[in-house]
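> Let's see this in three dimensions:
(3 chains)
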Amino acid sequence: VPLRDRDGAHPVVSLLTDFGGAEPFVGLVKAQVLRACPGAILVDLTHDLPPFSIEAAAFWIGRSYHWFPAGTVHVCVVDPGVGTARRILLVEHAGHMLLAPDNGLLAGIALQAGAVVRAVDASMQYEPGGRPVSATFHGRDLFAPLAGRLAAGDLLPADCGPVVDDWVRKERALPSVTPDAVTGTVLFQDRYGNVFSNIEPSIHVAWKEWSVHAGGRRLPWVRTYGDAAPGTLVALENAFGVIELACVEGSAAGELGLGPGAAVEVRRLR
Amino acid sequence: VPLRDRDGAHPVVSLLTDFGGAEPFVGLVKAQVLRACPGAILVDLTHDLPPFSIEAAAFWIGRSYHWFPAGTVHVCVVDPGVGTARRILLVEHAGHMLLAPDNGLLAGIALQAGAVVRAVDASMQYEPGGRPVSATFHGRDLFAPLAGRLAAGDLLPADCGPVVDDWVRKERALPSVTPDAVTGTVLFQDRYGNVFSNIEPSIHVAWKEWSVHAGGRRLPWVRTYGDAAPGTLVALENAFGVIELACVEGSAAGELGLGPGAAVEVRRLR
Amino acid sequence: VPLRDRDGAHPVVSLLTDFGGAEPFVGLVKAQVLRACPGAILVDLTHDLPPFSIEAAAFWIGRSYHWFPAGTVHVCVVDPGVGTARRILLVEHAGHMLLAPDNGLLAGIALQAGAVVRAVDASMQYEPGGRPVSATFHGRDLFAPLAGRLAAGDLLPADCGPVVDDWVRKERALPSVTPDAVTGTVLFQDRYGNVFSNIEPSIHVAWKEWSVHAGGRRLPWVRTYGDAAPGTLVALENAFGVIELACVEGSAAGELGLGPGAAVEVRRLR
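Model (predicted):
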């Protein structure tokens, strides 16, 4: 997919951080994007990631960026190393540009076929208005001006720094697989109390029938929530490509009491 | 009111859901709107409705949509029936277009004079990029592309499906009215602890003087919060057309301890 | 700095309130801005200020507005006096326009060199669509239409009302300073549990070495969080120009147990 025309009238910049909403941190990032790219369309993915959770950031950006128009610049800042020697990466994939600290956040996308990973030159890391760069808020002082200039087309990815291959990898716990069972773990719960596992249904796609087990319960497999009565615990493939435990119009996390790391098992029936 | 020119440079799409902000659900809806309608201006009404609360969604969209520019497309998704056979409705009223599941969410607006209600054809319910539609996230996969195409003018309401009259009605508890008293109930509290009742002041507009009673207390009637001293419990007509119980610079909900369904009474004095 | 061309294609309006996100209050402000200024780019600073906290609003707008493009209109609404005789102020500074109730919220900016403060004429305080103005939601009914018309260039600051000098001042607790120590107080904690003090490092800029003390602990001075090991309590100059107490990848507020008003001391070593 070619990058969209950089002179496009409606450049999109998405934002994914652990900044929260109680302070104007996100608004200041947007202010700086707009100074570099007047007219940018700013879309919040989320800012309520658990503080310092690179894993959650990596999960969500990997399941989100491809839904945006090609040409979108994605700014991902979960950055416990802010102000240290850690690098800033620019990853290009499928017409998208993604910026994040080199801490594993973009490792999943960097491994995709066709992805190009650059380490942003230190000389690029200045705020074009000439203001001093703080040591603790690179979202506002480095990421936002870079993103704005990329979105505006004032800067091309190749201008930002050299292609590198020594970016930080991130281990990810994968399910264990046998011919008759897949055993994974709980990743997190969402706001509905739906429990996301790390099991992708493709693992057992060849099976004809299976059952899902978690917290000592067997959960019926359904296509969607409304296929069972309110209050029923069910399992399904969710809209983000993983097996999810849900309670119809209720909270599976509350019913099952399962936190991150708890076991989820899919057993082959035939 | 005629619909705004569909070639308008600044189409507005408002969003009202129970998706919360901890996950990027809302951002993905916006991504899909922007793919269908580059340049759309996206406005969040709220995403923190109580999960599955069709009543809260119906209250707020009914009190909100007419404040937007004519031509706005409003996407309202509180959708416990997602992925089942429930229909998607498109309601046109006063130059606005509103999309929601057929679960009563838009019933109040559909009953307005001049409202036109359509059931979206199943054939319209595809994601134009050709991606498979999930069974559990129609906000991203069906509502957003539809809204974007309506906002862009690529689709006209009449293209979306037939006018229907068998949409889901929603019972709403109305206050009981006698010549000398109106007795209603608490709907909810807002973030300030202001308590919204279901009593519209028009009910007792012919009275010259009245008193408001709730939680065993009589609350003085004021025009606005600052008309009484901090800490005072007061009653007033709020900016959404209902009688509200408030505590000046404090929380009436905390002071009164009244939850949804508790009685609120207006008594005629003369 | 001259104001940006009022015919600019991309007028920016920033919003800072204590409205929260559970109800569509903010969305309705935006709807009204867009009716007055189609195409406005709306940026949330924060809406989760503590209810009625003029101090928090004043701190954050004072540290935020200058990061936006010149010409931005900033709408600041923490307004316990809504609907009373309190005035609305329009402050111009460095090419920015700021609107807020006359309750001290903009006092810090109004004191800046070159700031011009106007009291908005009562005759300006109407909603151009001709709807009645509520007594309790001036964010939607007065501030938003005014901001939209200013952003659109339909209204110039000089049209809004006379320059005044009798606006509400706000006392602010300043640190006490001796030749060898600066003693300030905790302002608040942010979402990471970082503790903001009211001490600006410029106070002790002439010192060669110093130590920071709070909660009976001595905190090492660092440039950024990553300069110490996870779990370490540190002090630094943060990105908003005040001394901050932090716990690397943890919560200083949790570790120290210090609330607003607690003492923070900087001692000269040499």
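
> Which secondary structure state does the residue positioned nearest the centre of chain A sit in?
Among the residues of chain A, the one closest to the centroid is A:Ile61, at 2.0 Å (Cα atoms, centre = their mean). Each residue gets one of three states, and A:Ile61 gets helix by DSSP: H, G, I helix; E, B strand; the rest coil.

> Any stretches of chain A with poor pLDDT?
Per-residue confidence for chain A (pLDDT under 70) gives these ranges: A:1-8, A:125-130.

> mind redoing it with 90?
Counting by pLDDT under 90, chain A shows low-confidence ranges at A:1-9, A:83-85, A:122-133, A:170-173, A:201-206, A:208, A:270.

> Where does it get nearest to chain C, which residue?
Of all residues in chain A, the one sitting closest to chain C is A:Gly83 (3.0 Å; Cβ to the nearest Cβ). C-beta coordinates here come from the backbone N, C-alpha and C atoms, glycine included.

> Would you mind listing the residues in contact with the residue nearest to the centre of chain A?
For A:Ile61, the set of contacting residues under the criterion of Cβ atoms under 8 Å, 6 or more residues apart in numbering or on different chains consists of A:16, A:45, A:74, A:76, A:98, A:100, A:105-106, A:109.

> Out of those residues, which comes closest to chain B?
A:Leu45 (3.8 Å).

> still on that earlier bit, quick one: which helix or strand includes the residue of chain A closest to chain C?
Secondary-structure element containing A:Gly83, defined by DSSP states H and E: none, the residue being outside all helices and strands.

> Let me see the contact set for it.
Shown here is A:Gly83, whose contacts under the criterion Cβ under 8 Å, 6+ apart are A:134-136, A:138, C:223-227.

> cool, A:Ala173 as well?
With Cβ under 8 Å, 6+ apart as the criterion, the residues that contact A:Ala173 are A:185, A:198.

> SS state for it?
coil.

> and the gap between it and B:Val73?
A:Ala173 sits 42 Å away from B:Val73, going by Cβ to Cβ, to the nearest Å.

> do the same with A:Phe188
Taking Cβ to Cβ as the measure, A:Phe188 falls 32 Å from B:Val73.

> can you pull the buried residues of the longest strand along chain A?
Once chain A is assigned using DSSP state E, the strand that runs over the most residues is strand A:181-189. Within strand A:181-189, the residues scored as buried using 16 or more other Cβ atoms under 10 Å in any protein chain shown are A:181-182, A:184-189.

> Other residues contacting that strand?
Residues outside strand A:181-189 that contact it (Cβ under 8 Å, 6+ apart) are A:56, A:59, A:173-176, A:195-199, A:203-204, A:214, A:242-243, A:251-253, A:258-268.

> Identify the residue nearest A:Ile157 in space, chain neighbours excluded?
Small correction: residue A:157 is Pro, not Ile. Of all residues not flanking A:Pro157 in the chain, A:Glu92 sits nearest, at 5.4 Å (Cβ to Cβ, 6 or more residues apart in numbering or on different chains).

> Report all helices and strands that the strand or helix carrying that neighbour contacts.
Applying DSSP H and E as the criterion places A:Glu92 in strand A:88-93. When contacts are defined as 3 or more Cβ pairs under 8 Å, 6 or more residues apart in numbering or on different chains; DSSP states H and E, strand A:88-93 packs onto strand A:96-101, helix A:107-110, strand A:116-119, helix A:144-152, helix A:157-160.

> I appreciate the help and will end here.
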